[in-house]
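Engineer: Sequence and predicted structure below; questions after.
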Amino acid sequence: MRPRLLIYLAATAAVGGLIYALIERYPDALQTEHDVAHLVRAILVLGLVSTGLIWLPRTRWRKSAGAFVSWIFIGVLVFMGYAVKDDLGDFGRRLAGTIVPSIPVSEDGGRVSFRRGDDGHFRIEADINGRRLRLLVDTGASVVVLSQGDAVRAGIDVAKLSFTQQVRTANGLAMAAPIRIANITIGPIVVEDVRASVGGPGMSGSLLGMSFLERLSAFEIRGDKLVLRP
């Protein structure tokens, strides 16, 4: 048997064994028929390319074989990255939450945590009516309070509101317009039909008040970390 063919068969067996070992180690990587189809297609392409190596002239064979081994290595790395994509995504979210304290970090049981900012306050990025807004956590606020700018970004027509309601915030009482927010989403936590208000013209930031927090099963502060429980 030709030496090249022996090397090719040995390499094929090694790659097949490696793929099998990876599938056994990461069974969740191939969850759907679509995932399996991608893997089969990649193996077929790899097989066709490698088969061509047998018929290359001797002067080009070693160089092509080196390229072939490199592609095998890249393919294995891609497969392993796909297998642990959820772990990598979770690591990325935690890293982002450390760099930007307002980004939610998902934890076990559907919990979400935030890191305290350098100013000592907790700020949270939340989707309100499908728009991403940043709110200051204020347990002294009786309801969620949006600034007029944030209200407009959330699709609320501020011109039609009546600023006749008093709301209590950490800075005292303020005049606001009562509204209902269709939904507030923070990470995996979704709360619908939330009592809220739109602050007067002098209000510059939005507050995440008790009308949202009291709808959770619990929320707690552990040192420099705020944890929300759905």
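Structural biologist: Thanks, I have it.

Engineer: which element follows the one helix or strand in the chain whose mean pLDDT sits lowest toward the C-terminus?
Structural biologist: Ranked by mean pLDDT, DSSP states H and E, the weakest helix or strand in the chain is helix 85-99, scoring a mean of 49. Sequence order places strand 105-106 as the next helix or strand after helix 85-99, per DSSP states H and E.

Engineer: Next, the contact list for residue 166, please.
Structural biologist: Applying Cβ atoms under 8 Å, 6 or more residues apart in numbering to residue 166 gives the contacts 173, 174, 175, 176. Placement of C-beta: from N, CA and C, glycine included.

Engineer: Would you mind naming the residues that bridge with it?
Structural biologist: On the basis of DSSP bridges, residue 166 is bridged to residue 175.

Engineer: repeat for residue 181
Structural biologist: Going by DSSP bridges, residue 181 is paired in beta bridges with residue 194.

Engineer: quick revisit: in JSON lines, list the contacts of residue 166 along with neighbour count and pLDDT.
Structural biologist: Below are those laid out as JSON lines (neighbours: other Cβ atoms under 10 Å; pLDDT from 0 to 100):
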{"residue": "173", "neighbour count": "9", "pLDDT": "77"}
{"residue": "174", "neighbour count": "18", "pLDDT": "77"}
{"residue": "175", "neighbour count": "15", "pLDDT": "83"}
{"residue": "176", "neighbour count": "23", "pLDDT": "91"}
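
Engineer: just checking, residue 147 touches residue 201?
Structural biologist: No. Using Cβ atoms under 8 Å as the test, residue 147 is too far from residue 201 to be in contact (9.3 Å).

Engineer: And those two? Which one has more around it.
Structural biologist: residue 147 (21 against 10; other Cβ atoms under 10 Å).

Engineer: Can you check the pLDDT for the more buried one?
Structural biologist: Note for residue 147: predicted pLDDT of 93.

Engineer: What does it show for phi and psi?
Structural biologist: Phi and psi for residue 147, reported as degrees, to the nearest 10, are phi -70, psi 160.

Engineer: how about low-confidence regions in this protein?
Structural biologist: Low-confidence segments of the chain (pLDDT under 70): 1-12, 14-100, 169-170.

Engineer: quick check: domain ranges of it?
Structural biologist: Domains of the chain are assigned by automatic domain parsing as 3-83, 101-229.

Engineer: List of residues touching stretch 183-197?
Structural biologist: 104-106, 110, 112, 124-129, 143-146, 165, 167, 176-182, 211-212, 215-216, 228, 230.

Engineer: Which residues are in contact with residue 146?
Structural biologist: Residue 146 touches 128, 133, 154, 156, 179, 196, 197, 198, 199, 206, counting by Cβ under 8 Å, 6+ apart.

Engineer: What distance do you get for it to residue 108?
Structural biologist: Going from residue 146 to residue 108 by Cβ to Cβ, to the nearest Å gives 31 Å.

Engineer: Residue 198 too?
Structural biologist: Counting by Cβ to Cβ, the gap from residue 198 to residue 108 is 36 Å.
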